[in-house]
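In: This is the structure alone, sequence omitted:
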């Protein structure tokens with residue numbers, strides 16, 4: 001019996017998100033989410049890693065957390081230590097908590113630090129999942145302006161000074177300094193020191209999200225904020241983007257004073273054990289080679305998307321060219337409200353992330369959108385951008401056809 005006749009509506013808690021639609025499969029041109037290219041998943045190597053680790057560690061599946069304790073599989077925590085050494089972070093097993101994706105890290109930190117009405121500083125454009133989680137727990141979000149180099153330190157200082165005059169001490173500054181989501185920028189070293197100095201002066205911790213850092217198109221990535229000052233920074237990262245989104249595994253690094261408070265809130269019985277073991281086994285042998293090749297392939301897809309946008313939209317689109325990751329953040333003319341394009345684009349088989357979902361002030365981002373270039377092929381990127389341009393023109397008159405043609409012939 002389906003139970004469809006019973007009405008649960010009167011019993012629902014207030015303030016819930018709108019109901020989710022049934023999943024009907026991916027659209028033809030899927031530019032949303034954090035998906036990756038199926039052809040870039042090392043299937044055979046992962047199968048070998050799974051077989052090897054199961055033969056060695058399999059009996060420990062009989063125990064929660066593989067008998068390694070609530071912080072996660074020791075082999076993966078050891079790999080995190082090695083990986084983070086390349087980000088300038090010196091930590092031990094006891095500083096690392098394996099999470100069910102980096103999103104769980106955001107939920108845990110929010111649960112421990114935020115009460116309704118507390119202030120949190122976020123970047124004006126930021127990870128939509130973080131904004132949603134912070135709002136859900138009742139945080140008051142204050143936007144810090146960005147430019148092509150990331151968070152603007154002078155503006156952040158003015159915000160902190162103004163809050164201090166009002167006797168408001170933010171619970172933390174949530175920042176994505178390395179391959180910012182959605183803009184793809186990298187915060188320069190000088191600004192990192194300035195951010196840390198401001199945080200120390202005002203007694204505010206920094207919550208550093210490095211979800212996309214491994215997918216780097218540069219050779220000179222500055223050290224992580226946690227590496228520069230571990231005393232006042234909480235650090236999270238993920239393997240979802242560097243290996244496979246369906247493997248829901250991330251990590252959090254913090255002093256024990258903080259970890260000891262986070263652990264009681266992690267009530268899931270432990271992050272998936274098999275996923276942890278396979279990631280540790282595979283990345284312990286192939287990490288650098290894998291992420292270097294993945295980054296090379298993603299950069300080529302980015303080039304294809306930028307070329308397609310320039311060809312189809314001409315000067316009607318402004319792109320923030322990312323320095324890594326899988327997203328392109330772009331702006332259409334101010335008169336365009338991208339939320340009006342969602343349905344006609346979906347009807348044409350196109351999905352994109354509207355800018356208001358990735359902004360502290362949604363109204364101020366109505367002309368922005370985020371496109372993921374990782375999942376579609378090069379040909380799908382070209383065809384999808386052309387289809388998006390047609391929809392945009394039909395709905396808004398942007399891009400003008402004549403300018404578009406001139407640009408393509410140039």
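Out: Everything's here; your move. Remember, it's a predicted structure, so these values are computed and weren't measured experimentally.
In: got a list of contacts for the host helix or strand of residue 157?
Out: Using DSSP states H and E, residue 157 falls within helix 153-165. Under the contact criterion C-beta atoms under 8 Å, 6 or more residues apart in numbering, helix 153-165 has outside partners 119, 121, 142, 144-145, 169-170, 173, 191, 194-195, 198, 201-202, 204. Every C-beta, even on glycine, is put in place using the N, C-alpha and C of the backbone.
In: switch to 6 Å and redo it
Out: 144, 145, 191, 194, 198, 202 (C-beta atoms under 6 Å, 6 or more residues apart in numbering).
In: Can you pick out the most distant pair from these?
Out: Of all pairs drawn from these, the widest gap by C-beta to C-beta lies between 145 and 202 and measures 17.4 Å.
In: which of those two has more neighbours?
Out: residue 202 (17 against 14; other C-beta atoms under 10 Å).
In: dump the residue contacts of that one.
Out: When contacts are counted by C-beta under 6 Å, 6+ apart, residue 202 touches residue 160.
In: give me that answer again for 7 Å
Out: Residue 202 sits next to 160, 164 when contact means C-beta atoms under 7 Å, 6 or more residues apart in numbering.
In: What of residue 198?
Out: 153, 156, 157, 160.
In: Let me have those residues in a markdown table, extended by distance to residue 323, pLDDT and neighbour count.
Out: Shown next, in a markdown table, are these (distance: C-beta to C-beta, whole Å; pLDDT from 0 to 100; neighbours: other C-beta atoms under 10 Å):
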| residue | distance to residue 323 | pLDDT | neighbour count |
| --- | --- | --- | --- |
| 153 | 19 | 97 | 20 |
| 156 | 21 | 98 | 23 |
| 157 | 25 | 97 | 17 |
| 160 | 27 | 98 | 23 |
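In: So for the helix or strand containing residue 383, mean pLDDT?
Out: In the assignment (DSSP H and E), residue 383 maps to helix 378-396. In this model, helix 378-396 has an average pLDDT of 96.
In: Against which helices or strands is that helix packed?
Out: Helix 378-396 sits against strand 29-30, helix 273-313, helix 342-347, strand 350-351, with contacts defined as 3 or more C-beta pairs under 7 Å, 6 or more residues apart in numbering; DSSP states H and E.
In: gap between residue 220 and residue 28?
Out: For residue 220, the distance to residue 28 equals 38 Å [C-beta to C-beta, to the nearest Å].
In: er, residue 198 actually
Out: Distance from residue 198 to residue 28, counting by C-beta to C-beta: 46 Å.
In: re the thing from before, please convert the helices and strands packed on helix 378-396 to TSV, extending it with mean neighbour count.
Out: Output for the helices and strands packed on helix 378-396, formatted as TSV (neighbours: other C-beta atoms under 10 Å):
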stretch	mean neighbour count
strand 29-30	20
helix 273-313	19
helix 342-347	15
strand 350-351	21
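In: quick one, phi psi at residue 323?
Out: Note on residue 323: backbone dihedrals following degrees, to the nearest 10 are phi -100, psi 20.
In: So what's the residue count around the residue nearest to it when sequence neighbours are not counted?
Out: Nearest residue to residue 323 in three dimensions, chain neighbours excluded: residue 186, at 4.9 Å (C-beta to C-beta, 6 or more residues apart in numbering). Using other C-beta under 10 Å, residue 186 has 25 other residues around it.
In: Show me the beta-bridge partners of residue 186.
Out: Bridge pairing for residue 186 (DSSP bridges) gives the partners residue 178.
In: Okay, now the unreliable bits of the stretch 151-300 of the chain?
Out: Counting by pLDDT under 70, the stretch 151-300 of the chain contains no low-confidence segment.
In: swap that for the stretch 1-150 of the chain, sorry
Out: Applying pLDDT under 70 to the stretch 1-150 of the chain flags the ranges 1-4.
In: now the strands for it?
Out: For the stretch 1-150 of the chain, the strands defined by DSSP state E, counting those that start in this stretch occupy 29-30, 96-99, 119-123, 140-144, 146-147, 150-151.
In: other SSEs contacting the first one?
Out: Secondary-structure packing of strand 29-30 (3+ C-beta pairs under 7 Å, 6+ apart): helix 378-396.
In: check contacts around residue 177.
Out: 150, 187, 192, 208, 225.
In: So the fourth one is in contact with residue 225, correct?
Out: Yes - under the criterion of C-beta atoms under 7 Å, residue 208 is in contact with residue 225, at a separation of 4.7 Å.
In: can you list the domain ranges for the protein.
Out: 25-41+289-409, 43-286 (automatic domain parsing).
In: Let me know which of those is the nearest to residue 10.
Out: For the domains of the chain, proximity to residue 10 was assessed by C-beta to C-beta; domain 43-286 is nearest, at 22.1 Å.
In: picking that back up, how far is the helix holding residue 157 from where the chain is centred?
Out: Distance, stretch centre to chain centre, for helix 153-165: 26 Å (C-alpha atoms, centre = their mean, to the nearest Å).
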